[in-house]
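Chemist: sharing a model prediction with you, sequence too.
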Amino acid sequence: MSVPYAAADSDQYPCDDDILEAAPENPVRFLHPDKADFVWQGMIDAIEDLERLEAYRQAEKRHIDRNYSKDKVKVHKYIDARERELSDGPTTEALPIPRAIVPLADFEPPTESEPSPTTPADATSAPVAATDGGQTVADETDDLHPDATGLEIGEVLEFDRDETTEYVFPATAEADRPFLMRVFDEEDTERTAEPLGLTRDEVARRPIDTTDPQPIKDVDVEPPATAATNGGDA
């Protein structure tokens, strides 16, 4: 019996054949404790069928050993939440799940034209956008691409390769894809004429071990024009 190409890395990430048959990749590779949370979160967010999702649940249950039981519960709850989305549509139940899937697209900040009936019209109980050319101070999450889970406004991921370094930024809501990437070689020459747009799945599939988001101001790279930077502040 043949199995998908995911079996090729089963020596490093052992996995049962029935799981490999249900998923086009090896779920253990992405769920492994040496991966950052956004890796397995991005993979689960991108799943569109219940059979593949169940493969991730079984991989977590059978093959993943975590240092703390609460971390294992967190993964299972994330999978359960995605299952409800696929079965019944987005859930409105409050769940103790990571910030990466907090819905952002439906958020509507208050505006100056709609003052609170119990508050004087000139009160500033909520920050509003500057009108004199200064930095926008309205709620920042309104400008983040709704699919840019795992990164917040003003954060960046830095991937060190053998011959290149990649910088991945969250995009604004107007961008075609949720992430933007700039790639530089060892001589700090950019490898592409323009930043590359990436999906969540493409970011999650990058062959990395551990990578934590860092403030954009901590890297010496100019973010793309459509990156969600809040002026470079974390």
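Modeler: Received, thanks. Residues are numbered from 1 along each chain as shown.
Chemist: pull out the buried residues from the helix or strand containing R57.
Modeler: Assigned by DSSP states H and E, R57 belongs to helix 50-63. Within helix 50-63, the residues that qualify as buried by neighbour count (16 or more other CB atoms under 10 Å) are 52-60, 63. No exception for glycine: its C-beta is placed from N, CA and C like everyone else's.
Chemist: in contact with the spatially closest residue to R57 that is not a sequence neighbour, which residues?
Modeler: By the measure of CB to CB, 6 or more residues apart in numbering, the closest residue to R57 outside its immediate chain neighbours is I79, 5.1 Å from it. Neighbour list for I79: 44, 53, 56-57, 60 [criterion: CB atoms under 8 Å, 6 or more residues apart in numbering].
Chemist: hmm, which two among those residues are most spread apart?
Modeler: In terms of CB to CB, those reach their longest pairwise distance at L53 and E60, which sit 11.0 Å apart.
Chemist: quick check: the residue nearest to R57 is in a helix.
Modeler: Yes: applying DSSP: H, G, I helix; E, B strand; the rest coil, one finds I79 inside a helix.
Chemist: the protein: strands as residue ranges?
Modeler: Taking DSSP state E as the criterion, the chain contains strands spanning 155-160, 164-170, 179-185, 196-198, 214-215.
Chemist: using CSV, write out every CA atom in stretch 74-86.
Modeler: Extracted as CSV, the C-alpha positions of stretch 74-86 are listed here (Å, rounded to 0.1, in the frame of the first residue of the first chain):
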residue,chain,number,x,y,z
LYS,A,74,-5.0,24.4,23.9
VAL,A,75,-4.2,22.5,20.7
HIS,A,76,-7.3,20.2,21.0
LYS,A,77,-9.6,23.3,21.7
TYR,A,78,-8.1,25.0,18.6
ILE,A,79,-8.9,21.9,16.5
ASP,A,80,-12.4,21.7,18.0
ALA,A,81,-13.1,25.4,17.2
ARG,A,82,-12.0,24.8,13.6
GLU,A,83,-14.3,21.8,13.4
ARG,A,84,-17.3,23.9,14.6
GLU,A,85,-16.4,26.5,11.9
LEU,A,86,-16.4,23.8,9.2
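Chemist: where's V219 relative to R182, distance?
Modeler: Note on V219: its distance to R182, by CB to CB, to the nearest Å, is 10 Å.
Chemist: okay if I get the buried residues of helix 50-63 as a markdown table plus pLDDT?
Modeler: Compiled in a markdown table, the buried residues of helix 50-63 are given as follows (pLDDT from 0 to 100):
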| residue | pLDDT |
| --- | --- |
| R52 | 94 |
| L53 | 95 |
| E54 | 95 |
| A55 | 95 |
| Y56 | 96 |
| R57 | 95 |
| Q58 | 95 |
| A59 | 94 |
| E60 | 95 |
| H63 | 94 |
